[in-house]
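# take this sequence and fold it.
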Amino acid sequence: MTQSQQIIDLKGMTLDELEAFAQRLGEPRYRGRQIAHWLYQRGATSFAEMTDLPAALRARLTTDAVFTSLSSVTALAADGGDTMKYLLRLADGATIETVFMRYQDGRRSVCISTQVGCGMGCTFCATGLAGLTRNLSAAEIIDQVLLVHRTTGERVTNVVFMGMGEPLANYEATLRAIRLLSAPYGLGIGMRHLTVSTVGLVPQIRALASERLQLTLAVSLHAPTDDLRSQLVPVNRKWPVAELLDASGEYVRQTGRRISFEYVLMKGVNDTPELAAILGELLRARAGGMVADDAPPAGIPVGESHGELPQGGRSGYAFHVNLIPWNPVYGLQYQRPDRERVAAFVQGLRERGIPTTVRLERGVDIDAACGQLQRTHGATAPGNPNPGLAGSGRSAETRERGSATGKGTANTIAKHSG
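Have a look, this model is predicted:
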């Protein structure tokens, strides 16, 4: 390798890029496909494992290239081993969180992070307390899924971008990771088994809509009025509720896919019957312009569930509301509503024909809400002298299938399929 050459990280590269890389080394293009197979399907952790490559090529790769391979700092189990929470260390010493969830119907879901920390500043969120440290690369994003496969030996069937960070604030890396996760030469996870959550970055929602991907979008709403949402979710001051719903409608029209509106319930803040009525009327007024190919019949009584999107015909609402009772965070003064308040909010939405679910709790004993494991285990991000706030990312309470609800300092994880 000459001084002008840089060592290349092969993980995160597409098949075309890997084939072009092989050619630059003077190798046949098909060597790139072999490398992709080892990286994304076999889960290799060293070039030495790539035994169908010539020994000379493997030796050259060790000097000219690397590939990201995350390491686990801590792994905690809950729900009889069906939920695993990982604290993972990156090459620069920063840490992120990843959650694996096993379900009786055969699904194996992973909740992944897209940033170290989060810059969105949601006031109820444990993971945004330290702010944003940096974006993750596409390689760091997808290797979370590969690490779960390496450690469990189980094939991952669903991935949700609901861990630390705002996925659409790291748009290019998130989009590349989506394509690698779903590519036949990649991890081969069907696009409809991928869910991306956003706090409401309107330009990026519109950009994602133009891609016309068949993934599920989960929009973190949390309040039906601008005054309240701007207090809870500061980004609302830039893109208010009406603009967010307009972009959500465009996503539905462009993709034919339903949207999940995530709504964290906090006692006495956003969980009143009056707000349920406002939210129900707001969404019902939008229903005519948000009809998707995979939407359930309008007004379907979903019932309290594990959080799956209800199935149905082509003539129903293209959205549903997923309610998440707030998970208490040390140092924040919000309170979790009791079951009666949650039930009343559900009733207020259903009376207006809004499909509604309440998220299933998982992992109540392992700090499973995003950012909590870092805080309790004292992981330190680069440049952060306070281990109690290291690398804290976006709140699990706002995340589909990998985040969620709990009591006291015990946190929970939920499932929400795309």
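# next, count neighbours for Glu340.
8 (other Cβ atoms under 10 Å). For the C-beta atoms, the positions are set from N, CA and C on the backbone; glycine is no exception.
# over to the one 5 residues further on?
By the other Cβ under 10 Å criterion, the neighbourhood of Phe345 contains 27 residues.
# now it. Nearest residue, chain neighbours left out?
Excluding the flanking residues, the one nearest Phe345 by Cβ to Cβ, 6 or more residues apart in numbering is Ala276, at 4.6 Å.
# residues contacting the one you found?
Ala276 sits next to 344-345, 347-349 when contact means Cβ atoms under 8 Å, 6 or more residues apart in numbering.
# that one sits in which helix or strand?
Of the helices and strands defined by DSSP states H and E, Ala276 is found in helix 273-286.
# using CSV, write out every CA atom in that helix.
Extracted in CSV, the C-alpha atoms of helix 273-286 (Å, rounded to 0.1, in the frame of the first residue of the first chain):
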residue,chain,number,x,y,z
PRO,A,273,-59.4,12.5,27.5
GLU,A,274,-59.5,16.0,26.0
LEU,A,275,-56.2,15.4,24.2
ALA,A,276,-57.3,12.0,23.0
ALA,A,277,-60.4,13.7,21.5
ILE,A,278,-58.2,16.3,19.8
LEU,A,279,-55.8,13.6,18.4
GLY,A,280,-58.7,11.5,17.2
GLU,A,281,-60.4,14.3,15.4
LEU,A,282,-57.1,15.5,13.9
LEU,A,283,-56.2,12.0,12.5
ARG,A,284,-59.8,11.3,11.4
ALA,A,285,-59.8,14.6,9.4
ARG,A,286,-56.6,13.4,7.7
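# ok, the nearest residue to Leu332 once chain neighbours are set aside to Gly353 distance?
Leaving aside its sequence neighbours, Leu332 sits nearest to Phe124 (Cβ to Cβ, 6+ apart; 6.4 Å). Using Cβ to Cβ, to the nearest Å, we find Phe124 at a distance of 28 Å from Gly353.
# these two: who's more crowded?
Phe124 (22 against 18).
# for that one, which three-state class applies?
coil (DSSP: H, G, I helix; E, B strand; the rest coil).
# my guess is it meets Val329, correct?
Yes - counting by Cβ atoms under 8 Å, Val329 is a contact partner of Phe124 at 7.3 Å.
# give the contact list for the residue nearest to Leu136 when sequence neighbours are not counted.
Nearest residue to Leu136 in three dimensions, chain neighbours excluded: Thr114, at 5.5 Å (Cβ to Cβ, 6+ apart). Each residue near Thr114 by Cβ under 8 Å, 6+ apart is listed here: 135-136, 141, 161, 163-167, 170, 173-174, 177.
# please flag which of those residues sit within strands.
Among the contacts of Thr114, DSSP state E puts 135, 161 in strands.
# tabulate the contacts of Thr114 in a markdown table, adding columns for distance to Leu15 and neighbour count.
Shown next, in a markdown table, are these (distance: Cβ to Cβ, whole Å; neighbours: other Cβ atoms under 10 Å):
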| residue | distance to Leu15 | neighbour count |
| --- | --- | --- |
| Asn135 | 23 | 20 |
| Leu136 | 21 | 27 |
| Ile141 | 18 | 30 |
| Phe161 | 22 | 29 |
| Gly163 | 26 | 29 |
| Met164 | 28 | 31 |
| Gly165 | 27 | 32 |
| Glu166 | 28 | 29 |
| Pro167 | 23 | 32 |
| Asn170 | 22 | 23 |
| Ala173 | 18 | 20 |
| Thr174 | 19 | 26 |
| Ala177 | 15 | 31 |
